[in-house]
Structure formats: C-alpha cells, structure tokens
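Asks: Sequence first, predicted model second:
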Amino acid sequence: MTFPLQPSSIYPSRSRSVASHLSYEFSFFLLLSFKAMKTVIKILNAMLLLLAFLPVISSASADKQTYIVHMDRTKITNTYNSLGNSKPWHQAVLDSVTDISSQEEREATPPELIYSYETLFFGFAAKLSAKQLESLKKIDGFVSAIPDKMLSLHTTRSPQFLGLPGSKGLWHSSDLHSDVIIGVVDSGIWPEHVSFQDHGMPPVPARWRGTCEKGTKFSPSNCNRKLIGARSFYGGYLAHGGKINETEEYLSPRDSNGHGTHTASTAAGNLVENANLFGLANGSAAGMRYTARIAVYKALWPGGSMSVDILAAMVQAIEDGVDVLSVSIGSTTGPEPYYQDYAAIASFFAIVRGIFVTFSAGNYGPYKYPAVNTAPWIMTVAASTIDRSFPTTVKLGNGQTFEGSSFYTGKATKLLPVVYGKTAGRKGAEYCTAGLLNPKLVKGKIVICEQGFFTFAAKGEQVKFAGGVAMLIMSPQGEDLNTWVNVLPDALLGALASEAVRKYVNSTKTPTASVSFKGTTYGGRAPMVAAFSSRGPNLVGPDVVKPDVTAPGVDILAAWPTGTSTTELKQDKRRVLFNIISGTSMSCPHVSGIAALLKSRHRNWSPAAIKSALMTTAYTTDNRGKPIADLAFYGPATPFALGSGHVDPIKASNPGLIYDITPVNYLEYLCSLNYNDAQISLFVEGLKCPKKITMQPGDLNYPSFAVNFKHKAQNATVTYKRTVTNVGISRSSYKVSVEEPKGVSVIVEPKSLNFKKLGQELSYKVSFIGLNRKKTVPSSSFGSLVWVSGSYRVRSPIAVTWK
C-alpha cells in the first residue's frame, strides 16, 4: 500500500512534489516513524540511583557488557499484548531472556535494564552476558544489538572575528525571530553564572515540553527564562563501572567539569561586559546567538560518556522541542558505519523534526583518527584560530629567540639553567610525569616538558612540586599554540621552535633560557586550521566530504563554573568566571549558535538548507588574503582539513542558492550504501530499500563534491547531479566557474542557471574525468565549483581521491 505523500507533509521546508526518483514508500514509512514520536524516554531513576551508590560491582556483573538493543516495534507489541502481559514490554522481553538462559545454562544474575526507548527509537539499553545476548537473539522481534562504547569530549573575540556585531552584523538584523532553543549535550551547566541570567527575557515558549530535574545541588528553581531545561543521563556510565563521587561530582545537571558551561555559553551565553581570564582577552563575551534559550542534557561524567547516555539525551532533547542540537563529543576509536553510530541515528531523528545538529569533528589530528561524526545530515565542524594570541618570547643562552604562547601574566623570568630528560630526572622525565623529576636537578631551573600522557597543568604541577620555576612545553608536530592555564610560568612552542630548543639543550653543557610574557595581542594571521583538528577523508561515506566547515576553536574564552579550578587540579584553588580552552568542542557551539541565528532569520529553512548556506558561503582565504593555512603541514589547508572553508555568518544569511536535502533523500542515500533491512530499520521502522537502487551515493544533493577513482583507472568518468534552490533575487542568472583539481577535467552542464522566481529549483550535472596518471599510488587533489551572480558566490569544494 502506498500513499501519494508530499515531502512538505513530513518536512515543511520543502514545498515541491517528490522528485521522480523518490519512492512513495520512503515518505510513507518516514511519516509513520514521525507520528510515533509521542512519548518521552522512560528513565528508570530508582534503579539508576541505586546503582550510583553501589560500592562495588559484582564479578557476575563485571562479566557483562552494555548493549543498545533494537527491537521490531510491531512484533514486540503484538506478541506481548496478545499474551495479556501487564508488565512493561521491555521487562517482559528481559524476563524471556532470563527464562531461555536458565533453561540452557544457569545465569548468576538477570539482565540489567538501563534505558527503555519507546519513541524515535524502539528498544532498550541493557547489561547482558554473552549467553543472555544469544538468548535475546532468539526472541521474535530482535533486530540488532550494538555494544555500548566510551566517547570523549572533543570565546570575547570570536563574535567580532565572525563579524556579528556592528551595523551590518546579524546581531542587529531587524528580521530576527526570538525564542530559538539550543540543546547542549555535554557535562552540564553552572546555572548561577551571569552568562545564563534571564534579565529582560520574555516567558518560556508555550511549545517547550522540557523540564529541569532535581538532583545534587540542583533544583528546578535553578532554571529560568534563559536556561529552560536541564536533565542528566548516567545509566550507561554506571553500568560501565563508572563511579560518581558526590563530593567531587554532581548527580544532577550541575557542571563540575567546566566543558558544558563553556560550550553552552559559546553557543548562547548572555552578553557580558569585562569578561577576561586573569586580565587576558578582556572584552564583551557573548554566545553566537546570545538571546537564544538553552536546554542542557548532561551525559558526560568523570570517566567519559557512554553512547547509550548520549542516545537517551539526544532523543529526550528532540522530544522536549529544541531547535538546534550542539554535541561536542565523539568516538575515541575513529568513525564507524552509520548503522552502528547511535549519535548518527539520533541525529537523523532530529533532522526529521527539523532540528539542526552540529557535532565536533574530533581532536585526533592530523593523523591518529580521521574525522568522526560524519553522517551527511550532521554538520561536522573542524577547529581553527582567530586573530587573538597570547605571545611569549623564549630567549636561549645562545641568543636565539622564539615566540611561544602562555596565559601567565606575571613578570619575565631571569636567565636560568634549563634541564631536559636525563638532566631533569629518571628515564621518561622529559614527559614531566609524577615521580620522574629529580628535585635536586630541577630546583630553581626551567624544565622542558614534552606533550603526552597528561595535561599541561598536570605537568606544570609536577615541575612545581620538584622545585622548578618555569616550564617550556614542546610540540611534536605542527605550529599549534593553543595553550592552557598552568600553575607556574610556562611557554608552549611550535614544532620548529621545539626542535631548535632541543638541539640547543642537547648540544650545550650548561643551557640557559629566559621567558617573557606579552599578554594579549590582536591582528595576527587568521584563521589557520589547528593541527589537532581531525581530518578527512570520510571513511564511512567516502562520497561526502568531511569535515563540513571550520570555525573558531583555539584559545576560546567562555563561561566557567565558579566551583571548578581553571586547571581542574585539586591543588589549584583559583576560581574564575571565564576560562580559555581549545578544541573542536569549542568550534562546534560556534556553529550551533550561528545556525540558531540563521534559523531565527529563516524560520522555514530546513536543516539541510541552513547547512548549505553555511558551507557554500564559507571562505578559504585568511585576513592577509592568502589561502587559509594548515598548522600541521605548513601549507594551505585542503577540504579534508577545513571542509568548505571558514564559516561566514553574514554571507550565510543571504547565500543566493541552497542545496536542500529531505529525510527521504538521506534514506535513499543509505540504501545506495547497500544497507540491509535491519540496518535501515534503525533509521525508519519497517522501511525496505528498493531491490533496484538507481541512486549512487555521490548523487546526494550535498553542497560539496567527493570523487573517488581507482588508482589504475585512466580516463574514468564520474557524473553527479545537483539541484539548487533560489533564495536570493527572484530574477537572476548564475554562471559556473570551475577550478579543476590537478589531474581531472570537469564538465558542467548547463553552464548557466536562469531563475525567474524565488523558490525555483534548477538542476545541473557535473562530470569528473580522471586523466592519464603516471603515478599509481593513492593521492588526492582539490578544486572548486562556483555559481556566480553579482555579489553571490555559491562555492562547492571538490576533493578527488585515487584509491
């Protein structure tokens, strides 16, 4: 049975009829899934609180693993309703597992239920033994079980750097709508912070369905008209063996880490005058959409975050009614197929609801892991610098000087002896870890410390304990100077300076150095892509370029909990209102806040439309007019480092053309990846891909082009189709301009697009021809395709890879 359903019925931003290549079945099943979103996740609070206070985990429990289990909604509900079972369906299923396991082999403990998912996703999270998992697979209605995994965490100047203030900035636009709600999945929030006060804000929107949960040192009264929602999710963390010591952590949405408070204020914190860190970076701090509402979903705990908690938090945020989701968390083991990535699955549920989703690309650049969070419906954000720095001058005894970076604000050091490695202590002393530095060798000297194993501050603490008076931090690769607050005078040096310093120290009998501190400076070359920022290519979906864009993520000043030290060290008693930290975790909320700005101005734009606007208007030259540099490789950054370029909020608000994508298009894309029925059902229950797939993955209407040739292919041709929608000037003509990647010929048909009205859609095809190549090794080359009309430049990067 099929229905002639229009995409606008499920996705209000698109008004045209379904394109001829879309199946009505896709739309029908998507609508069924969409209408099933009626109730919230059932969180088993009593059980979780009991787990929180258990002093030990039994050996039987320790042998189990947590799984996210997907069940067939129809089969399960029909089966258990027909039996007249009064128990909740998930409990009945687990009882069945216990019965089957008992018949085959006696289990010491029954399965442990953690979450039940009944809305966007039908299933549960539970701790199961290997035998119980096998028993579960025998139950009619079982679809899949994916092991839970640990995830990790991946501003005053950045609004000015992005051009938001001023007469032409988006902050002063007269057509902005208020009451955009940004959901932040992170480590919680410090609700009393001035960045989250609600002075002058109107009442909470009537459409809001969220709440503020009571917990340790947190009550509903901590919320207001600015912070309108706060929840916490910890079932998966506890099941994994994590402990919550309530003398150091809060079993509530309150933030003890600082990361969540920082990201929330970066996205939507209030405008706060005279914000600074120890007098550094002084100015007006503000979130990118500082008038937006904030809803916080705490899912990050001292040992990390678990995917079951992230899934529960994201689904709850969708049910609560957020407009934008900001998630600065990602896998520590690299990317994985979308059907095994529950952040990708939950994000798909979000875009079906019209919610824009932003994720950080990861901090494992430039080599360790490629970018994560790479599903095409997710905005994946890399990190880059702004034009503000905190320079130091390191002067060696031989007269050489090098520029570093530090947040220290005291006087310069004297010319002092320098120790490093074996001259500072035992084997491994170059890493400045506990017990390796010798106080007799270190006292009164400057200590050189290599990066790795521990934070800069933890190394600084060890140097201070041993009697050292200052520290030079060496970089193994790249010219990143993203520093962190320390407990003594320090200077972070780039890789080139680090090598020169090592050479001097290792070749000099009595090396000496001094360090001076220059405070805050502005006007430096920027942006530049941070070396730590995770790169492409996209290993999961190689036909989609990732990351999508880059944004400010280095040395960002934003709100900080007054209950947490600047360094997060117990011995550090300093407390501040604002702290400076770095990471793609910082760039992600910049884009989330900018997306909220665009959503305020264009209420009918889909998540894909907002994403397209941000990508096609992103710039690739710095404030010196040169190509944006890559701090890891000493040359221009490629699309695998910066995606389409650096976000430009002003231009994104009026992009001229957009590449729109519906949820149905995304489902067709998943089918083109040859996902089976069980894998597809994780995204939409009951949907089966057509037997004959006409779409190729590269035909997804994405605002960039990823082209893949086999390394031995000669004169091979790949052709993709794209459709653009006019959102600029009603009667307008665009002409194409192509910068061909090296070794590739590019043909675009037609070469001009003539629009007669707003909302009109026109299509074009682009063919990429791989020319004869002398080299047969894998490599990549890059170019761009730009549609030009007057002041509009709608740019798409091209990334070609020979595999």
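Replies: Structure's in. What do you need?
Asks: residues near the closest residue to residue 76 other than its chain neighbours, how many?
Replies: What sits nearest to residue 76 in space, not counting adjacent residues and going by Cβ to Cβ, 6 or more residues apart in numbering, is residue 141, at 4.3 Å. The way it works is simple: take the backbone N, C-alpha and C, and place the C-beta from them, glycine included. Neighbourhood size, residue 141 [other Cβ atoms under 10 Å]: 19.
Asks: what about the residue located most distally from the centre of the chain, distance to residue 782?
Replies: Farthest-out residue of the chain from its mean C-alpha position, per Cα atoms, centre = their mean: residue 509, at 47.4 Å. Computed with Cβ to Cβ, to the nearest Å, the distance linking residue 509 and residue 782 is 49 Å.
Asks: What of residue 237?
Replies: Using Cβ to Cβ, one gets 41 Å for the distance from residue 237 to residue 782.
Asks: which one of these two has more residues nearby?
Replies: Per other Cβ under 10 Å, whichever of residue 237 and residue 782 has more neighbours is residue 237, with 28 against 19.
Asks: helices or strands next to the helix or strand where the more buried one lies in the packing?
Replies: Per DSSP states H and E, residue 237 falls inside helix 235-239. With contacts taken as 3 or more Cβ pairs under 8 Å, 6 or more residues apart in numbering; DSSP states H and E, helix 235-239 sits against helix 45-52, strand 112-118, strand 122-128, strand 305-306, helix 307-320.
Asks: Which one, of those, ends up nearest to residue 681?
Replies: The closest of the helices and strands packed on helix 235-239 to residue 681 is strand 122-128. By Cβ to Cβ, the value is 9.4 Å.
Asks: what does the closest one rub up against?
Replies: 61, 64-73, 76, 90, 93-94, 97, 111-117, 136, 143, 145, 148, 235-236, 239, 308, 311-312, 685 (Cβ atoms under 8 Å, 6 or more residues apart in numbering).
Asks: Partner strands of it, with direction?
Replies: strand 65-71 (antiparallel), strand 112-118 (antiparallel) (DSSP bridges).
Asks: Including mean neighbour count and distance to residue 431, could those strands go into JSON lines?
Replies: As requested, those are exported to JSON lines (neighbours: other Cβ atoms under 10 Å; distance: least, Cβ to Cβ, whole Å):
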{"stretch": "strand 65-71", "mean neighbour count": "24", "distance to residue 431": "33"}
{"stretch": "strand 112-118", "mean neighbour count": "23", "distance to residue 431": "38"}
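Asks: would you list the ones you listed in JSON lines and tack on distance to residue 379 and mean pLDDT?
Replies: Listed next are those as JSON lines, based on distance: least, Cβ to Cβ, whole Å; pLDDT from 0 to 100:
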{"stretch": "strand 65-71", "distance to residue 379": "24", "mean pLDDT": "86"}
{"stretch": "strand 112-118", "distance to residue 379": "24", "mean pLDDT": "82"}
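Asks: any chance of the ones you listed in JSON lines, with distance to residue 458 too?
Replies: Output for those, formatted as JSON lines (distance: least, Cβ to Cβ, whole Å):
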{"stretch": "strand 65-71", "distance to residue 458": "30"}
{"stretch": "strand 112-118", "distance to residue 458": "33"}
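Asks: Residue 542 is nearest to which of those?
Replies: With Cβ to Cβ as the measure, strand 65-71 is the member of the strands paired with strand 122-128 nearest residue 542 (25.8 Å).
Asks: list the helices and strands the helix or strand following the closest one packs on?
Replies: As assigned by DSSP H and E, the chain's next helix or strand after strand 65-71 is helix 73-82. Judged by 3+ Cβ pairs under 8 Å, 6+ apart, the packing partners of helix 73-82 are helix 89-104.
Asks: Residue 358 reaches residue 588, doesn't it?
Replies: Yes. Applying Cβ atoms under 8 Å, one finds residue 358 in contact with residue 588, separated by 5.4 Å.
Asks: Can you work out which residues contact both of those two?
Replies: In contact with both residue 358 and residue 588: 326-327, 381, using Cβ under 8 Å, 6+ apart.
Asks: Identify the residues contacting the nearest residue to residue 376 once chain neighbours are set aside.
Replies: Nearest residue to residue 376, sequence neighbours excluded (Cβ to Cβ, 6+ apart): residue 544, at 4.9 Å. By Cβ under 8 Å, 6+ apart, the contact list for residue 544 reads 374, 376, 538, 697, 700, 702, 704, 706.
Asks: how close does the second one get to residue 698?
Replies: It refers to residue 376. Distance from residue 376 to residue 698, by Cβ to Cβ: 11 Å.
Asks: So which of the two has more stuff around it?
Replies: Set residue 376 next to residue 698 and count neighbours by other Cβ under 10 Å: residue 376 wins out with 27 against 21.
Asks: Quick check, pLDDT for the more buried one.
Replies: In this model, residue 376 is scored at 97, pLDDT.
Asks: Would you agree it is in contact with residue 541?
Replies: Yes. With contact defined as Cβ under 8 Å, residue 376 counts as touching residue 541 (6.4 Å).
Asks: and the longest helix for this structure?
Replies: Longest helix in the chain, counting residues (DSSP state H): helix 584-601.
Asks: Mind giving me the packing neighbours of whichever helix or strand comes after that helix?
Replies: Once helix 584-601 ends, the next helix or strand along the chain (criterion: DSSP H and E) is helix 607-616. Secondary-structure packing of helix 607-616 (3+ Cβ pairs under 8 Å, 6+ apart): helix 342-352, strand 356-360, helix 584-601, strand 657-658, strand 792-802.
Asks: Pull the residues that contact helix 607-616.
Replies: With Cβ under 8 Å, 6+ apart as the criterion, helix 607-616 contacts 13, 350-351, 354-357, 377, 379, 548-549, 591, 594-595, 598-599, 602, 605, 643-645, 647, 652-653, 655, 657-662, 701, 703-704, 725, 727, 794-796.
Asks: what about 7 Å?
Replies: Outside helix 607-616, the residues that touch it by Cβ atoms under 7 Å, 6 or more residues apart in numbering are 13, 351, 354-357, 379, 548-549, 591, 594-595, 598-599, 644, 647, 652, 655, 658-661, 703-704, 794-796.
Asks: what bits of the stretch 301-450 of the chain have low per-residue confidence?
Replies: Within the stretch 301-450 of the chain, the ranges that satisfy pLDDT under 70 run 368-369.
Asks: if we can go back for a sec, mind checking pLDDT for the residue farthest from the centre of the chain?
Replies: Residue 509 carries a pLDDT value of 94.
Asks: Now the nearest residue to residue 480 once chain neighbours are set aside: which helix or strand?
Replies: Among residues not flanking residue 480 along the chain, residue 531 sits closest, at 4.4 Å (Cβ to Cβ, 6+ apart). Assigned by DSSP H and E, residue 531 belongs to no helix or strand.
Asks: Look up how far residue 594 lies from the nearest residue to residue 650 once chain neighbours are set aside.
Replies: Distances taken as Cβ to Cβ, 6+ apart put residue 163 closest to residue 650, at 5.2 Å, once the chain neighbours are dropped. Distance, residue 163 to residue 594, by Cβ to Cβ: 11 Å.
Asks: what about those two, which has more around it?
Replies: Neighbours were counted for residue 163 and for residue 594 using other Cβ under 10 Å; residue 594 has more, 29 against 15.
Asks: Could you check how far that one is from residue 494?
Replies: 29 Å.
Asks: Please apply the same query to residue 279.
Replies: 25 Å.
Asks: Which of those two has more residues huddled nearby?
Replies: residue 494 (20 against 9).
Asks: and that one, what does it touch?
Replies: By Cβ under 7 Å, 6+ apart, the residues touching residue 494 are 475, 478-479, 481.
Asks: Mind doing that once more with 6 Å?
Replies: Residue 494 makes contact with 475, 479, according to Cβ atoms under 6 Å, 6 or more residues apart in numbering.
Asks: For residue 502, see how far away it is.
Replies: For residue 494, the distance to residue 502 equals 13 Å [Cβ to Cβ].
Asks: after the helix or strand where residue 449 lies, next one along is what?
Replies: Taking DSSP H and E as the criterion, the element that holds residue 449 is strand 446-450. Remark: after strand 446-450, the chain's next helix or strand is helix 456-465, criterion DSSP H and E.
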